[in-house]
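Q: heads up, no residue letters with this:
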């Protein structure tokens with residue numbers, strides 16, 4: 001955050017290279033973006049960093065949250081808000097627009113939809129490595145006393161309900177008239193596209209499914225990988241609901 005707030009200042013000698021990367025990144029962004037975007041991005045990026053610090057603390061303590069408190073932290077660690085801010089890099093959207101109740105609710109739904117999809121799709125890899133404490137499926141399994149399939153079914157139903165609510169609210173986005181309406185339309189369309197694009201990226205990037213991403217997308221089933229921490233064999237198959245495709 002210091003590098004972002006002071007991009008004209010050289011970084012301390014011997015500092016981790018990430019500080020200089022952040023400084024150079026922000027020095028370039030300032031030259032091609034609006035002051036409104038810059039203010040909002042710094043705010044949401046700091047929220048993201050605070051969330052990741054909390055996640056690290058939870059991991060060190062082996063602390064598993066309940067669904068409600070998990071979602072509060074996950075809305076920060078998913079990094080959706082600063083990502084959405086990128087959409088307005090060349091815009092000057094007033095606070096009254098961004099803070100409008102309908103815009104805020106759509107933003108929250110888009111964040112939660114991204115969380116649910118990401119946690120479903122990343123669960124296999126994370127449970128295998130023993131790093132699934134910060135995952136909605138693990139938390140739902142514990143809170144609802146169910147297995148992985150039961151938690152995925154619950155997550156898929158919740159996801160479908162949120163998609164329906166998002167679509168209903170989307171047609172209620174207010175009008176402010178003039179060029180501002182075009183910017184709002186572009187911003188909200190980008191937010192909606194982000195949700196679906198993140199899912200497609202998860203199948204194609206090889207981060208979660210290796211070379212089998214498109215196969216999982218087509219068959220909607222997978223076997224859980226053996227846990228590296230205790231040598232358990234495969235478990236499954238599990239159905240990946242088609243509402244997440």
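A: That came through fine. Computed from a predicted structure; not experimentally measured.
Q: is it true that residue 223 lies in a strand?
A: Yes. Counting by DSSP: H, G, I helix; E, B strand; the rest coil, residue 223 is part of a strand.
Q: what number of residues lie near it?
A: 12 (other CB atoms under 10 Å). Every residue, glycine included, has its C-beta placed from N, CA and C.
Q: ditto for residue 83
A: Residues within reach of residue 83, counting by other CB under 10 Å, total 19.
Q: try the one 5 residues further on
A: By the measure other CB under 10 Å, the count of residues near residue 88 is 23.
Q: From residue 184, how far out is it?
A: 10 Å (CB to CB, to the nearest Å).
Q: my guess is residue 106 contacts residue 171, does it?
A: No. Look at residue 106 against residue 171 with CB atoms under 8 Å: they stay out of range, at 10.8 Å.
Q: Looking at the two, which one has more neighbours?
A: For the pair residue 106 and residue 171, the greater number of neighbours falls to residue 106 (20 against 6), based on other CB under 10 Å.
Q: Flag every buried residue along the helix or strand the more buried one falls within.
A: Under the criterion of DSSP states H and E, residue 106 resides in helix 101-129. Residues 103, 106-107, 109-128 are the ones in helix 101-129 that count as buried (16 or more other CB atoms under 10 Å).
Q: Check the model's average confidence along the helix or strand just after that helix for me.
A: Later in the chain than helix 101-129, the nearest helix or strand by DSSP H and E is helix 136-144. Averaged across helix 136-144, the pLDDT comes to 96.
Q: Summarise which helices and strands helix 136-144 is packed against.
A: For helix 136-144, the helices and strands in contact under the criterion 3 or more CB pairs under 8 Å, 6 or more residues apart in numbering; DSSP states H and E are helix 67-77, helix 101-129, helix 148-170.
Q: Just want the angle from it to helix 148-170.
A: Here the directions of helix 136-144 and helix 148-170 differ by 110 degrees (axes from the mean of the first three to the mean of the last three CA atoms, to 10 degrees).
Q: Residues contacting helix 136-144, please?
A: 64-67, 70-71, 74, 115-116, 119-120, 123, 126-127, 132, 146-148, 150-152, 154-155 (CB atoms under 8 Å, 6 or more residues apart in numbering).
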